[in-house]
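Asker: What follows is a predicted structure for the sequence shown.
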Amino acid sequence: MVEAQVDPAMLVERIGEAVVGRRREIELVVAALVASRHIVIEGPPGTGKSTLLRSIADELGVGFEFVEGNAELTPARLIGHFDPARVLAEGYDPEVFVDGPLAAALRDGSLLYIEEINRVPEETLNVLITVMSEGELHVPRLGRLAAAPGFRLVAAMNPFDAIGTARISGAVYDRVCRLAVDYQSSADEQEITERESSEAALDPKWVEQVVELVRLTRTHSDLRVGSSVRGAIDMCAVANSLATVRGSSPSAGDVSLDAALVALSGRVRLREGTSRSTEDIVRELWVSVFGRKADDGGRSEGKGTAPIGATTAR
């Protein structure tokens, strides 16, 4: 549980060793939790919200109950339920109640982490409002579940305009602290990508270009949603494997472009009314970053020829 004697400054330093960048965000989340507050982190997918919260939970030494927010998350799935078979044999005894993540977090004084909380149905959110206000929950036939010291709600959410999201009510916001996050700097995203791709021993300059390509998807006029840093991580992983298949190198033109298409074309979202495909846009951005400069893996004396459709740099 979150104890009063926790040294927040030391905690921030330890978390900073595991999380790339995000110093300010680490400080604010740690401060909120040590102050016994619930907190919601809001930002685009792939901005490290889950990584940050899991790292903080690990360093605090508290339990971490994970809940995936979606339209199927009913109050019973969140709280728990009586085992029907055992109820027939033993009746509504507390021993036959199967804890859901909320009940488990309340009993153990754990962090209840809800991912994409703005996809959760309103009736389920109402349960959380009661718990945050009262610090307890009344379950029919079970009775009162009081929150053990250390229980906190920590949640992440995508911006409201993301597909499938809904507005969070003022009653929820009134009971939580909110932290808005955005994509990290280019240097931070390169370090994240290199960490995740460390076993591949990739050329740092090429990884830098991969990150540049991914970041360009976020500002392209024909794209409503760009890729997160996960796209860069996947492009590096696919390129490394594909290079082995083709007897080439990850930075070879054909390998690099195909890896980009596989890793990014499904992550980006077109703007309404755009007639182009996501593959067309990924090719365009790939050319703008790599052009004719992609290495061919040593298969010729000069520089490799870019794949069809990738012949000039802008």
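Answerer: That came through fine.
Asker: how's the chain carved up into domains?
Answerer: As assigned by automatic domain parsing, the chain contains the domains 8-180, 186-290.
Asker: ok, of those, where does mean pLDDT dip lowest?
Answerer: Among these, domain 8-180 carries the lowest mean pLDDT, a mean of 85.
Asker: Past the helix or strand hosting V98, which element shows up next along the chain?
Answerer: Per DSSP states H and E: V98 is located in strand 97-99. For strand 97-99, the following helix or strand on the C-terminal side (DSSP H and E) is helix 101-108.
Asker: Which elements pack onto that next one?
Answerer: For helix 101-108, the packing partners by 3 or more CB pairs under 8 Å, 6 or more residues apart in numbering; DSSP states H and E come out as strand 64-68, helix 75-79, strand 80-82, strand 111-115, helix 122-134, strand 136-139, strand 143-146. The C-beta positions use only the backbone N, C-alpha and C, and glycine is treated the same way.
Asker: Direction-wise, compare the longest one with strand 111-115 and give the angle.
Answerer: Inter-element angle recorded for helix 122-134 and strand 111-115: 150 degrees (by axes from the mean of the first three to the mean of the last three CA atoms, to 10 degrees).
Asker: which residues touch helix 122-134?
Answerer: With CB atoms under 8 Å, 6 or more residues apart in numbering as the test, helix 122-134 has contacts from 38, 73-75, 78-79, 102, 106, 114, 117, 137, 147, 153, 166, 168-169, 171-172, 175-176.
Asker: Help me confirm that G16 comes into contact with R23.
Answerer: Yes: assessed by CB atoms under 8 Å, G16 is found in contact with R23 at 6.2 Å.
Asker: Pull the residues that contact stretch 34-41.
Answerer: Residues contacting stretch 34-41 (CB under 8 Å, 6+ apart): 2, 6, 8, 11, 25, 29, 32-33, 49, 52-53, 117, 132, 152-157, 168, 172-173, 175-181.
Asker: Kindly give a single PyMOL line that selects the buried subset of those residues.
Answerer: Restricted to buried positions by 16 or more other CB atoms under 10 Å, the PyMOL selection for the contacts of stretch 34-41 reads:
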select buried, resi 2+6+11+25+29+32+33+49+52+53+117+132+152+153+154+155+156+157+168+172+175+176+177+179+181
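Asker: Mind checking which of the contacts of stretch 34-41 are in strands?
Answerer: Using DSSP state E, the members of the contacts of stretch 34-41 that fall in strands are R152, L153, V154, A155, A156, M157, C177, R178, L179, A180.
Asker: Quick check: the third one vs I41, distance?
Answerer: In this structure, V154 and I41 are 8 Å apart, going by CB to CB, to the nearest Å.
Asker: Identify the contacts common to these two.
Answerer: Counting by CB under 8 Å, 6+ apart, the shared contacts of V154 and I41 are V29, L53.
Asker: quick one, strands of the stretch 201-314 of the chain?
Answerer: Secondary structure of the stretch 201-314 of the chain (DSSP state E, counting those that start in this stretch): strands located at 223-225, 269-270.
Asker: Check which helices and strands the last one sits against.
Answerer: By that I understand strand 269-270. strand 223-225.
Asker: residue ranges for the helices of the stretch 151-300 of the chain, please.
Answerer: For the stretch 151-300 of the chain, applying DSSP state H, counting those that start in this stretch gives helices covering 170-173, 186-196, 204-216, 229-246, 253-264, 278-290.
Asker: looking at these, which is buried most?
Answerer: Mean neighbour count (mean count of other CB atoms under 10 Å) peaks for helix 253-264 among the helices of the stretch 151-300 of the chain, with a mean of 23.
Asker: mind saving the C-alpha coords of that helix as PDB?
Answerer: Extracted C-alpha coordinates of helix 253-264, given in PDB (Å, rounded to 0.1, in the frame of the first residue of the first chain):
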ATOM      1  CA  GLY A 253      15.300  -0.300 -49.400                       C
ATOM      2  CA  ASP A 254      12.900  -3.200 -50.100                       C
ATOM      3  CA  VAL A 255      13.100  -4.500 -46.600                       C
ATOM      4  CA  SER A 256      12.700  -1.100 -45.000                       C
ATOM      5  CA  LEU A 257       9.700  -0.100 -47.100                       C
ATOM      6  CA  ASP A 258       7.900  -3.500 -46.700                       C
ATOM      7  CA  ALA A 259       8.400  -3.400 -43.000                       C
ATOM      8  CA  ALA A 260       7.000   0.100 -42.900                       C
ATOM      9  CA  LEU A 261       3.900  -0.900 -44.800                       C
ATOM     10  CA  VAL A 262       3.300  -3.900 -42.500                       C
ATOM     11  CA  ALA A 263       3.900  -2.000 -39.300                       C
ATOM     12  CA  LEU A 264       2.200   1.300 -40.100                       C
END
